[in-house]
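A.B. asks: Show me how the following folds:
(chains A and B)
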2 protein chains.
Amino acid sequence: MRLTLLGSGDARQVPVYNCSCPACDAARVYPARRRGPCCALIECGAQRWLIDSGLTDLTERFAPHSLSGILQTHYHADHAQGLLHLRWGQGLVIPVHGPDDPEGLADLYKHPGILDFSQPFAAFERRQLGELQVAALPLTHSKPTFGYLFEGQGRRIAYLTDTVGVPEASCAELQRAPLDLLVLDCSTAPQPVAPRNHNDLTRALEVIERLQPTHAVLTHIGHAFDTWLLEHPEALPSGVSLASDGLVL
Amino acid sequence: MRLTLLGSGDARQVPVYNCSCPACDAARVYPARRRGPCCALIECGAQRWLIDSGLTDLTERFAPHSLSGILQTHYHADHAQGLLHLRWGQGLVIPVHGPDDPEGLADLYKHPGILDFSQPFAAFERRQLGELQVAALPLTHSKPTFGYLFEGQGRRIAYLTDTVGVPEASCAELQRAPLDLLVLDCSTAPQPVAPRNHNDLTRALEVIERLQPTHAVLTHIGHAFDTWLLEHPEALPSGVSLASDGLVL
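C.D. replies: Next comes the predicted model:
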């Protein structure tokens, strides 16, 4: 089972337009420091699923028939925008499984093109996709949102964005067996007031402490968190690392 | 006054994902044959306005403060998708003037970020933007849509997408004085049945015949029209030419 983090930024991405903080300036000079819209690719045997579709060059990145389908965590633009163009392909059908969000994004449901939204996940539903088992776990966000637990080839990986904390019942599912890897929303440095829609580092470390994965990777990183980390290089405990675009896990 | 056609494709763009028609295959080999989302840049003196924002790399193409603002013909995704990311910049305000469409695109109005949607055009309204005068002319499309008539430095240019035909009252405005250039929606080859939302070549040539511009350029081109034109190289009359991405007029 292989997880590739294709994008690791928050909705604003890094660099932020017209920002000259140290993180944004560095990202303009060093492409490896850039952060695109948060998304990933999970591969297991013949299965190859894109997790979120905020990248706007999906038709260039993925040859026709190279994806098994798309797993949507939710339908905010930075996680689903790439569908607006991908849908206009032809001669194939791409299943898009996500939460049952009546809004979706813009007119995607009205004009789905080659995308098939007909099989949304129910909360806590498990699906067997070839060698890959996927479970949809409710998260806490401003739109209906699922994290995904992947099990296959003897490994157990959780991908949890966008969320602040993790709901009790989803934690219970994750704690049924040891997690090899946890990829977790952590958009900001520690905040004085509890954040509403995304983890800050304080809440992210609380989740990690609770779920005890072998390894944790923080993603959905905002530019101010990147800058804060430049000033606090020892902030991440052992076993916790930072996502970067293209990172293979 | 300078008009640059940044994108000349229809909603599907060229090449269409998973299509191997002659036009799509050619576009994969020759980048000049590709067609991105339909949009343009109008420049006149110090004024520099983007017409439609379907390009998804606006923060890379346009340095902060390099645009006077954006003129939206309408809010379909292929004409407005780039705003979904551009809005998350900081430290500047970008006016976006378009039709008073209560829907807009996705959550753009709810979370406008650096975009200022507060001054939509009224039908037939004229605005003086430095040396550039702009008039908003209602078109016939499935969403509230304006074409724009630009007047400045002794030139008169009309940019009319997306539309099928041109409404009588808008024609009357356009006919008040000779047009130096008409850029017109023509998405398809001649159709046996009258199209609903976009001109086919038959309707486009009727509009051109009526408005009698010095020069007409067809844009919002679909892949099937490109293929048809390969088979009908003499289809366009004198004074009528085809848009391409990057064409400067």
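A.B. asks: C-terminal to the longest helix along chain A, what's the next element?
C.D. replies: Longest helix in chain A, counting residues (DSSP state H): helix A:201-211. Note on helix A:201-211: by DSSP states H and E, the next helix or strand toward the C-terminus is strand A:215-219.
A.B. asks: Please give the number of neighbouring residues around A:Pro233.
C.D. replies: 7 (other C-beta atoms under 10 Å in any protein chain shown). (Each C-beta comes from the backbone N, C-alpha and C, glycine too.)
A.B. asks: Quick one, grab the pLDDT at A:Leu55.
C.D. replies: Among the per-residue scores, A:Leu55 shows a pLDDT of 98.
A.B. asks: give the contact list for it.
C.D. replies: Applying C-beta atoms under 8 Å, 6 or more residues apart in numbering or on different chains, we find A:Leu55 in contact with A:6-7, A:36-37, A:39, A:61, A:82.
A.B. asks: Between which two of those is the distance greatest?
C.D. replies: Farthest-apart pair in these is A:Pro37 and A:Arg61; separation 12.6 Å (C-beta to C-beta).
A.B. asks: Name the surrounding residues that touch the strand or helix carrying A:Ala169.
C.D. replies: Secondary structure assignment for A:Ala169, by DSSP H and E: helix A:168-174. Under the criterion C-beta under 8 Å, 6+ apart, residues A:124, A:135, A:137-139, A:147, A:149, A:158, A:166, A:182, A:210-211 lie in contact with helix A:168-174.
A.B. asks: In contact with A:His111, which residues?
C.D. replies: Shown in contact with A:His111 (C-beta under 8 Å, 6+ apart): A:Arg87.
A.B. asks: Show me what from chain A comes close to chain B.
C.D. replies: Within chain A, the positions near chain B by C-beta under 8 Å from any C-beta of the partner chain are A:11-13, A:16-19, A:56-57, A:59, A:64-65, A:76-78, A:81, A:84-86, A:88-92, A:105-107, A:114.
A.B. asks: ok, and for stretch A:195-203, which residues are buried?
C.D. replies: For stretch A:195-203, a neighbour-count test (16 or more other C-beta atoms under 10 Å in any protein chain shown) marks A:197-201, A:203 as buried.
A.B. asks: hang on, I meant stretch A:135-143
C.D. replies: Neighbour-count burial for stretch A:135-143 flags A:135-141, A:143 (criterion: 16+ other C-beta under 10 Å).
A.B. asks: try stretch A:31-49
C.D. replies: By neighbour count on 16+ other C-beta under 10 Å, the buried set for stretch A:31-49 is A:33-44, A:47-49.
A.B. asks: distance between that stretch and the chain's centre?
C.D. replies: How far stretch A:31-49 lies from its chain's middle: 9 Å, per C-alpha atoms, centre = their mean, to the nearest Å.
A.B. asks: that older thread, which is the next helix or strand following the helix holding A:Ala169?
C.D. replies: Downstream of helix A:168-174, the first helix or strand assigned by DSSP H and E is strand A:181-185.
A.B. asks: Can you tell me what sits against that next one?
C.D. replies: Under C-beta under 8 Å, 6+ apart, the answer for strand A:181-185 is A:3, A:5, A:40, A:155-164, A:174, A:198-199, A:204, A:207-208, A:211, A:213-220, A:243, A:249.
A.B. asks: Give me the buried entries from these.
C.D. replies: A:3, A:5, A:40, A:156-164, A:174, A:198-199, A:204, A:207-208, A:211, A:213, A:215-220, A:243, A:249.
A.B. asks: Now for the residue of chain A most remote from its centre: which residues touch it?
C.D. replies: Going by C-alpha atoms, centre = their mean, the residue of chain A most distant from its centre is A:Gly91, 28.2 Å out. Counting by C-beta under 8 Å, 6+ apart, A:Gly91 touches A:64, A:114, B:18-19.
A.B. asks: Look at A:Asn229 and give its secondary structure.
C.D. replies: I think there's a mix-up here, since residue A:229 is Leu and not Asn. helix (DSSP: H, G, I helix; E, B strand; the rest coil).
A.B. asks: now it: how far from chain B?
C.D. replies: 20 Å (C-beta to the nearest C-beta, to the nearest Å).
A.B. asks: who's in contact with A:Phe124?
C.D. replies: A:135-138, A:169, A:173.
A.B. asks: now swap in A:Val217 and tell me
C.D. replies: A:5, A:181-184, A:240-243, A:247, A:249.
A.B. asks: Give the PyMOL command for selecting the buried subset of those.
C.D. replies: The PyMOL command for the buried members of the contacts of A:Val217 (criterion: 16+ other C-beta under 10 Å) is given here:
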select buried, chain A and resi 5+181+182+183+184+240+242+243+247+249
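A.B. asks: can I get the CA coordinates of the one helix or strand A:Ala224 maps to in PDB?
C.D. replies: A:Ala224 belongs to helix A:223-231 when assigned by DSSP H and E. Taking C-alpha atoms only, helix A:223-231 is exported to PDB below (Å, rounded to 0.1, in the frame of the first residue of the first chain):
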ATOM      1  CA  HIS A 223       1.900  29.600   5.300                       C
ATOM      2  CA  ALA A 224       1.900  31.100   8.800                       C
ATOM      3  CA  PHE A 225       2.400  27.600  10.200                       C
ATOM      4  CA  ASP A 226       5.300  27.100   7.900                       C
ATOM      5  CA  THR A 227       6.800  30.400   9.000                       C
ATOM      6  CA  TRP A 228       6.200  29.500  12.700                       C
ATOM      7  CA  LEU A 229       8.000  26.200  12.200                       C
ATOM      8  CA  LEU A 230      11.000  28.000  10.700                       C
ATOM      9  CA  GLU A 231      11.200  29.800  14.100                       C
END
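A.B. asks: so A:Cys21 touches A:Gly222, yeah?
C.D. replies: No: A:Cys21 is beyond contact range of A:Gly222, at 10.5 Å (criterion: C-beta atoms under 8 Å).
A.B. asks: the more surrounded of the two?
C.D. replies: Between A:Cys21 and A:Gly222, counted using other C-beta under 10 Å, the more crowded position is A:Gly222 (23 against 18).
A.B. asks: What does the pLDDT read for that one?
C.D. replies: A:Gly222 is given a pLDDT of 98.
A.B. asks: next one: the one 10 residues further on
C.D. replies: In this model, A:His232 is scored at 96, pLDDT.
A.B. asks: and the residue nearest to it when sequence neighbours are not counted, backbone torsions?
C.D. replies: Spatial nearest neighbour of A:His232, excluding adjacent residues (C-beta to C-beta, 6 or more residues apart in numbering or on different chains): A:Ala189 at 7.7 Å. Per-residue torsions, A:Ala189: phi -60, psi 170 (degrees, to the nearest 10).
A.B. asks: Touching, A:Ala189 and A:Leu201? I think so.
C.D. replies: Yes: using C-beta under 8 Å, A:Ala189 makes contact with A:Leu201 at a distance of 5.7 Å.
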